[in-house]
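**Student:** Sequence and predicted structure below; questions after.
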Amino acid sequence: MAQDSKLPLKIIAGADDFGCTLKDALVTHLRSLNIEVEDLGTGKYYSVGEEIGRRVSSAATNPTPTPTETRGLVACGTGVGVSIFANKFPGVYASTCVSVDDALNTRSINNCNVLAVSGMSTSPESGISILDTWLQTPFKCPCPASGNNPWPTEIDSFLENSVAEMSKIGSGNEKFDSCAICCLAKNREFTPVEIMPGGSMKIVRESPTSAIVRFKAGSVEPAHHHTFGHDLVVMKGSKRVWNLSKEEKYDLGVGDFLFTPAGDVHRVKYFEDTEFFIRWDGKWDIFLDEDLDAAAAAIEKD
């Protein structure tokens, strides 16, 4: 099998104390093949895996093509720890191989560019066979996983596309919500609150009840009360709450918290599109104490 690259190959190698003997034998073999090797020597398995992962990642994700393909060779007691740390970096596909079949499969299926080997369970002779197979096996070639037959067209296409998708992982282009409450609102259907125009909610737990509530800018909640007290935290937007029972009012923005006791009559005005998390001490219910026109008139006078 021919090497799946027209570029000269460079291997960055390293090992911990348990893998250094095997690594040294493999480096000697690579040099006998006139393959360029940068041997980082021996260190802690996590630092070796991290450094090789970083260097292979830098070469793999460099927007300017380099004249050399860079791969990695890492060895520790099991070959697992070094591969875990190497895989922390984008564009790195490290795989632990303890057999020739492993090397065939991971090159064919995963386009593996960092070979991890086990110094405790792999002899130098077996290691060389694994290494040679890993060097000579092209991506998407027939392998034991394919029954040693060419991959069907649909699988071949899947493998090709998977490389592009994998390369995006850890690239810094992902966007994550850091707020666990905000994440609850993703991909959930919100039900309109019929007696509160502009409002919708998604109940995420029943009795005691937790919900995520949305109101559009300009919406008004007429004066009402609940059987149970409730806590709320504003996640987005701003609102004003009048507690008519206590003759108090509160302006709330993102991150603000408010507790309203059971039975307290309260009215709300939304200044912008607003979302909040709310928890009632029992089952959710609502009792109107005025209509929408009366609420709008009262807010106008305030």
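**Tutor:** Yep, it's here. This structure is a prediction, so every number in the text was calculated from the model and none was measured.
**Student:** shaky segments in the stretch 51-200 of the chain?
**Tutor:** In the prediction, the stretch 51-200 of the chain carries residues with pLDDT under 70 at positions 65, 167-188.
**Student:** what ranges do the helices span in it?
**Tutor:** Counting by DSSP state H, counting those that start in this stretch, the stretch 51-200 of the chain forms helices over residues 80-86, 100-110, 124-136, 153-168, 180-184, given from the N-terminal end onward.
**Student:** now those helices in JSON lines, with mean neighbour count and distance to Val92?
**Tutor:** From N, CA and C alone the C-beta is placed, and that goes for glycine too. As requested, the helices of the stretch 51-200 of the chain are arranged in JSON lines below (neighbours: other Cβ atoms under 10 Å; distance: least, Cβ to Cβ, whole Å):
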{"stretch": "helix 80-86", "mean neighbour count": "24", "distance to Val92": "5"}
{"stretch": "helix 100-110", "mean neighbour count": "21", "distance to Val92": "11"}
{"stretch": "helix 124-136", "mean neighbour count": "19", "distance to Val92": "15"}
{"stretch": "helix 153-168", "mean neighbour count": "12", "distance to Val92": "10"}
{"stretch": "helix 180-184", "mean neighbour count": "13", "distance to Val92": "28"}
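**Student:** can you put these in CSV and add distance to Asp231?
**Tutor:** Output for those, formatted as CSV (distance: least, Cβ to Cβ, whole Å):
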stretch, distance to Asp231
helix 80-86, 41
helix 100-110, 48
helix 124-136, 58
helix 153-168, 39
helix 180-184, 12
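**Student:** who wins for proximity to Glu38 among those helices?
**Tutor:** Comparing the helices of the stretch 51-200 of the chain against Glu38 with Cβ to Cβ, the closest turns out to be helix 80-86 (14.9 Å).
**Student:** So which bits of stretch 53-65 are buried?
**Tutor:** Along stretch 53-65, the positions that meet the burial threshold by neighbour count (16 or more other Cβ atoms under 10 Å) are 53-57, 59-60.
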